[in-house]
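J.: When you get a sec, could you give me coordinates for this:
(chains A, B, C and D)
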2 protein chains.
Amino acid sequence: MPELADITNPDVDATADAAAPADGTGLGAFEALLHDERLTAAGLLFEVAAGLEAALGSQIDGHGLALSEFEVLLRLVRSPGGQLRMSDLARQVNLSSSGLTRLADRLEARGLLERRACPTDGRGSNALVTAEGRTVMAAVLPGHVALVERWLTSALEPAQLQALTGALRAVRAGVRPDAEAGARTGVAPGPA
Amino acid sequence: MPELADITNPDVDATADAAAPADGTGLGAFEALLHDERLTAAGLLFEVAAGLEAALGSQIDGHGLALSEFEVLLRLVRSPGGQLRMSDLARQVNLSSSGLTRLADRLEARGLLERRACPTDGRGSNALVTAEGRTVMAAVLPGHVALVERWLTSALEPAQLQALTGALRAVRAGVRPDAEAGARTGVAPGPA
DNA sequence: CAAAGGTAGTTGCACACGCAACTACATTAG
DNA sequence: CTAATGTAGTTGCGTGTGCAACTACCTTTG
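T.: Predicted structure coming up:
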């Protein structure tokens, strides 16, 4: 068994349990953990994310889109050329490959998305927003941003908002290192 | 049709779309929205929540629990008497009634939870953590808190963490007003 | 007290998603 | 060039969850 120092290894989550006596230390320590401020902070983050998601959700599916579908289209319209590799897209929206396959199927059936064979890699498809997809997004986005404004940004002083995004970026750097910098140009680094 | 001023009405999400020209204003405005900093802030929040969830998830289901099951048990062990009304519990963990019914079924089948008929209201059950449920949580929590420490709190300066929780609380006040104050005592306000 | 309406919780159904297995292509080793 | 290994994307299958309908109970109104 590794020593406690191994807790710093980010690869194996289970090593965190090395710090857990699981007994012996008694119930006092357990009771203390229940009201640990770190636990509270994490819970707060999840609560707010879920709450904001709910606050934004109804407007989006008022336009006939699920939240994950909206996120996919959003990533696409934000990408140069309006296209992205399926696998990149899947990572960006936190979906498995198969999940994105199905989702893309639905959007394609509705004419909001097309699949293009990737010219440089015979295996792959690029997902591409159609003109109709853009139209839908153009209809959804203004209201969406208005709701973000109402529930998120306008609830905070400018300095608070700045602090929030700064802190979130710092956390993301650890938890999602690939989302970091250059936001990956549209498709492959090949010729446009 | 209501005027733009109606956008301040929080009851009807669709009113946010009143601000959406959907055409006429042209594509420049649309393009601008795509890189709106408010949109980025919201996306950041969701990304971090999802990332942290993933970072914490594997340790939890290393103990045979799904994340939502963990959250339910956590709410219960934090409640006085270790019990909570089903409907309250459902709201707290952002689950529908039916979702919680099924989840409670699973936990009950594993002996981590019991249902008690509510003495003051013949319709209702209280969910109650069993001793075994507490044992499981005692085994999971230390490692869980260690991971929260590693990925969330230790990634931030103390002042940053303070600012983060402050901002999150401000947002939650709007988006989840019921979660606000007194955290609702265990069961009903009746005699213990 | 009786009737009407509201609330708590459970079940039928549909569906989105993850995992594992598979195909097709790419890449590297020999 | 051929073989072995790795990667992109799709499908079969199981499962967790929301919605709508239903039952049982509470609450309010006449």
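
J.: CA atoms for contacts and neighbours, from now on please.
T.: Noted.

J.: which non-adjacent residue is nearest the residue of chain A found nearest DNA strand D?
T.: For chain A and DNA strand D, the shortest gap (Cα to the nearest atom of the strand) falls at residue A:87, measuring 3.2 Å. Spatial nearest neighbour of residue A:87, excluding adjacent residues (Cα to Cα, 6 or more residues apart in numbering or on different chains): residue A:97 at 6.5 Å.

J.: For chain A, what lies in contact range of DNA strand C?
T.: Counting by Cα under 7 Å from any atom of the strand, chain A comes close to DNA strand C at A:68, A:94-100, A:102-103, A:120-123.

J.: any idea which of those is closest to residue B:158?
T.: Distance to residue B:158, by Cα to Cα, is smallest for residue A:94 among those, at 29.4 Å.

J.: Let me see the confidence value for the nearest residue to that closest one once chain neighbours are set aside.
T.: Nearest residue to residue A:94 in three dimensions, chain neighbours excluded: residue B:50, at 7.6 Å (Cα to Cα, 6+ apart). pLDDT for residue B:50: 96.

J.: Now for residue B:50, how many residues are close by?
T.: Neighbours of residue B:50 under the rule other Cα atoms under 10 Å in any protein chain shown: 19.

J.: Next: residue A:110.
T.: The number of residues packed near residue A:110 is 12, by other Cα under 10 Å.

J.: got the phi/psi numbers for it?
T.: As for residue A:110, its main-chain torsions (degrees, to the nearest 10) stand at phi -90, psi 0.

J.: Residue A:111 should be in a strand, yeah?
T.: No - according to DSSP: H, G, I helix; E, B strand; the rest coil, the state of residue A:111 is coil, so it is not within a strand.

J.: what comes into contact with the helix or strand hosting residue A:107?
T.: If you go by DSSP states H and E, residue A:107 is part of helix A:97-109. For helix A:97-109, contacts defined as Cα atoms under 8 Å, 6 or more residues apart in numbering or on different chains pick out A:69, A:86-87, A:89-90, A:113-115, A:127.

J.: For chain A, which segments count as strands?
T.: A:83-85, A:113-117, A:125-129 (DSSP state E).

J.: Give me the packing partners of the shortest one, helices and strands only.
T.: Meaning strand A:83-85. Where contact means 3 or more Cα pairs under 8 Å, 6 or more residues apart in numbering or on different chains; DSSP states H and E, strand A:83-85 is packed against helix A:67-78, strand A:125-129.

J.: 10 Å instead?
T.: Here strand A:83-85 touches helix A:67-78, strand A:113-117, strand A:125-129, going by 3 or more Cα pairs under 10 Å, 6 or more residues apart in numbering or on different chains; DSSP states H and E.
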